[in-house]
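S.K.: sequence first, predicted model second:
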Amino acid sequence: MRIGIIDIGSNSMRLVVYEVKDKSYVVVGQVRQSARLGQNMENGNLDRGRIEYGIKVLHHFKEYMDSKEVDEVIAVATEAIRKAKNKEEFLTRAKSALGKDIRILSGEEEAFYDYYATVNTIDLDKCLMVDIGGSSTEIALIEDKIIQESISIPFGSIVLTEKFNLKNNEKEEQNLHNYLRQSFRKISWLKNARGYPIVGIGGSIRTLGKIDRFRKDNAMFISHNYSMDQKDVSEIYELVRDYHKGVVKRIYGLSKDREDIFIGSLATMNILMRYQNSKKLFVSNAGIRDGLLFEYLLGRNKRVRDVLEFSLDNIISNHMYKGYEGKDLFKLVSAMYSALCKSYPYLIGNGKVLKTATYLYDIGTNINYFQRDRNTFYSILNAPINGLSQKQILMAASCASVFSANDLLKEFFNKKILSSRDMKIIEMLGILIKIAESLNHGVSDNTQIRSISLTDSTMVMEVRSKSDPLFKLEELKNYQSRFKYLYKLNLDVRFV
């Protein structure tokens, strides 16, 4: 089953095509055009040229979906269309181009779908969610992963750019800052979110994260769940101001089709973080389209139980062979990890890293079995894993391939992303996966750890196997010396 989800925004129009199977999904295509429907809206009407361009985009979307054999289309529009006096003309022509009615979302619905995307892809119990679009900004207060309050404010990157002349004009810049603070003061419930982390949604926020990744030499990281400090946002704001003054000639990560409207969005986030005393900004790749997808998969208002588990299951379902033993291995690995954490407390807190590494330990085989370790490293590093930070994803990729990808790890160590302790933890976790592989020896549900005990010199494991353990014991010999080097313990495995 393939579905196409179209989001007609004030700045850009996007189409994402998903392959859906039960409750799993994979993106098979995406098209984005900067239509700027919210620009040049005189007397509340959509600009004639913008309408013509937008209809051409929808014709292209239809052609694209036909080539991908899309079975179902969900199409929505937001603030620019919602407030336009001539929206019926656009909607009539849009239906003719797509063969599908366009659903206009209310501000509250926009906030809901943003919220639904957030709680199902980012593992935060409480946050302030902010979606800065072209013509509106949605803000929602989330506590215990439930939306408590929400509002749609009728300004965004395009509106602020047209309202204020921000290029090298300090007086207008100050007027913008005052306008933003006054707008935030009118939202009485914002005080309940003082100090909360902010989850930022929208193209401008993704651009902000991209700029930060480039300037920190972290461009290899995917943007979803990338975190920034308030200081980072302020520094990038100053950088963009210098760019508009001509002091800075180029900003890596800032695209030409966004540079004229970006500073308004950036100012909004900078002022809001200061106003709220929010120290952290999490960049979200998910938004309205993802919220609509989760509604399609789960039904309305049904959150996934575990953000990380859901995304890992989704990856395995879409990319791994029948009989894949990653989840089965984790039963063995988690038993060893729990026992060792009692004697090595600095391992505590890496359970999610180890789970991800074990679940996806052999994902590289879907590219080339004979280069699977190296492929596994890059596959995990670039996989759509939700619920982990970029550093945790890097550590998981490293754990899964640590004994075959040391040259890759040195690159990240040199960039000061990983500390010497991180490198040691990666090896200590990685050896547990190798031991579990030896115990299972490629046969799922064959081996069970009955007990683990630690003495001053030895870790003793009593293991039950449904088959002759001869080859398992031979395989274990390859890792006993490395285990002793890392843990200062002998490894004594007894099959009972």
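M.R.: Nice, thanks for sending it over. Numbers count the residues shown, from 1 in each chain.
S.K.: what mean pLDDT does stretch 193-213 have?
M.R.: Averaged across stretch 193-213, pLDDT comes to 95.
S.K.: looking at this, residue 29 is in a helix?
M.R.: No: residue state for residue 29 (DSSP: H, G, I helix; E, B strand; the rest coil) corresponds to strand; a helix is not indicated.
S.K.: any idea how far residue 67 is from it?
M.R.: Separation of residue 29 from residue 67 (Cβ to Cβ, to the nearest Å) stands at 9 Å. No exception for glycine: its C-beta is placed from N, CA and C like everyone else's.
S.K.: between these two, which is the more surrounded one?
M.R.: Set side by side, residue 29 and residue 67 show more neighbours around residue 29, with 16 against 10, by other Cβ atoms under 10 Å.
S.K.: the more buried one contacts residue 16, correct?
M.R.: Yes: the pair formed by residue 29 and residue 16 meets the contact definition of Cβ atoms under 8 Å, at 7.5 Å.
S.K.: so what's the residue count around residue 487?
M.R.: As a burial measure, the neighbour count of residue 487 was computed by other Cβ under 10 Å and equals 17.
S.K.: quick one, helices of the stretch 251-400 of the chain?
M.R.: Counting by DSSP state H, counting those that start in this stretch, one finds helices in the stretch 251-400 of the chain at the ranges 262-276, 288-298, 307-319, 326-341, 351-359, 372-382, 390-401.
S.K.: save these as JSON lines, and put in distance to residue 90 too.
M.R.: As requested, the helices of the stretch 251-400 of the chain are exported to JSON lines (distance: least, Cβ to Cβ, whole Å):
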{"stretch": "helix 262-276", "distance to residue 90": "24"}
{"stretch": "helix 288-298", "distance to residue 90": "18"}
{"stretch": "helix 307-319", "distance to residue 90": "36"}
{"stretch": "helix 326-341", "distance to residue 90": "48"}
{"stretch": "helix 351-359", "distance to residue 90": "45"}
{"stretch": "helix 372-382", "distance to residue 90": "38"}
{"stretch": "helix 390-401", "distance to residue 90": "40"}
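S.K.: any idea which of the ones you listed scores lowest on pLDDT?
M.R.: With a mean of 89, helix 372-382 has the lowest mean pLDDT of those.
S.K.: other SSEs contacting it?
M.R.: In terms of contacts (3 or more Cβ pairs under 8 Å, 6 or more residues apart in numbering; DSSP states H and E), helix 372-382 is packed against helix 390-401.
S.K.: give me the contact list for the helix it packs on.
M.R.: Around helix 390-401, the neighbours that count as contacts under Cβ atoms under 8 Å, 6 or more residues apart in numbering are 218, 221-222, 225-227, 350, 352-354, 356-358, 360-361, 363-364, 373-374, 376-381, 383, 385, 388, 405, 408-409, 412, 417-418, 422, 425-426, 429-430, 433.
S.K.: residue 7 in helix, strand or coil?
M.R.: Put simply, residue 7 is strand when judged by three-state DSSP.
S.K.: surely it is in contact with residue 30?
M.R.: No: contact criterion Cβ under 8 Å: residue 7 and residue 30 do not qualify, at 10.9 Å.
S.K.: show me which of these two is the more surrounded one.
M.R.: residue 7 (24 against 13).
S.K.: what pairs with the more buried one across the strands?
M.R.: Beta-bridge pairing for residue 7 (DSSP bridges): residue 14, residue 76.
S.K.: residue 462 now?
M.R.: Applying DSSP bridges to residue 462 gives these bridge partners: residue 451, residue 494.
S.K.: restricted to buried residues, select the contacts of helix 390-401 in ChimeraX.
M.R.: Typed into ChimeraX, the line below selects the buried ones among the contacts of helix 390-401, using 16 or more other Cβ atoms under 10 Å:
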select :218,221,222,225,226,227,350,352,353,354,356,357,358,360,361,363,364,373,374,376,377,378,379,380,381,383,385,388,405,408,409,412,417,418,422,425,426,429,430,433
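S.K.: report the buried residues of stretch 217-237.
M.R.: Going through stretch 217-237 with 16+ other Cβ under 10 Å, the ones that come out buried are 218, 221-228, 230, 232-233, 235-237.
S.K.: gap between the two ends of that stretch?
M.R.: Start and end residues of stretch 217-237 are separated by 18 Å (Cα to Cα, to the nearest Å).
S.K.: now do stretch 383-399
M.R.: From the first residue to the last, stretch 383-399 extends over 15 Å; the measure is Cα to Cα.
S.K.: so that it lines up with my notes, have the first residue be 35 from now on.
M.R.: Fine by me, first position is 35 from now on; the one you just mentioned is stretch 417-433.
S.K.: so how far is it off the chain centroid?
M.R.: Relative to its chain's centre, stretch 417-433 lies at 11 Å (Cα atoms, centre = their mean, to the nearest Å).
S.K.: quick one: low-confidence parts of this structure?
M.R.: 200-202, 438-450 (pLDDT under 70).
S.K.: and the strands in it?
M.R.: The residue ranges that make up the strands of the chain, judged by DSSP state E, are 36-42, 47-55, 58-67, 106-111, 137-138, 161-166, 171-177, 180-187, 232-235, 260-263, 314-318, 481-488, 492-499, 524-529.
S.K.: nearest to residue 299, out of the ones you listed?
M.R.: Distances from residue 299 to each of the strands of the chain were compared using Cβ to Cβ; the shortest belongs to strand 161-166, at 4.7 Å.
S.K.: then that closest one to CSV, C-alphas only?
M.R.: Written as CSV, here are the backbone C-alpha positions of strand 161-166 (Å, rounded to 0.1, in the frame of the first residue of the first chain):
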residue,chain,number,x,y,z
CYS,A,161,8.6,20.2,26.1
LEU,A,162,7.4,23.3,24.3
MET,A,163,6.7,22.4,20.7
VAL,A,164,7.1,25.2,18.1
ASP,A,165,6.4,25.0,14.4
ILE,A,166,7.5,28.2,12.6
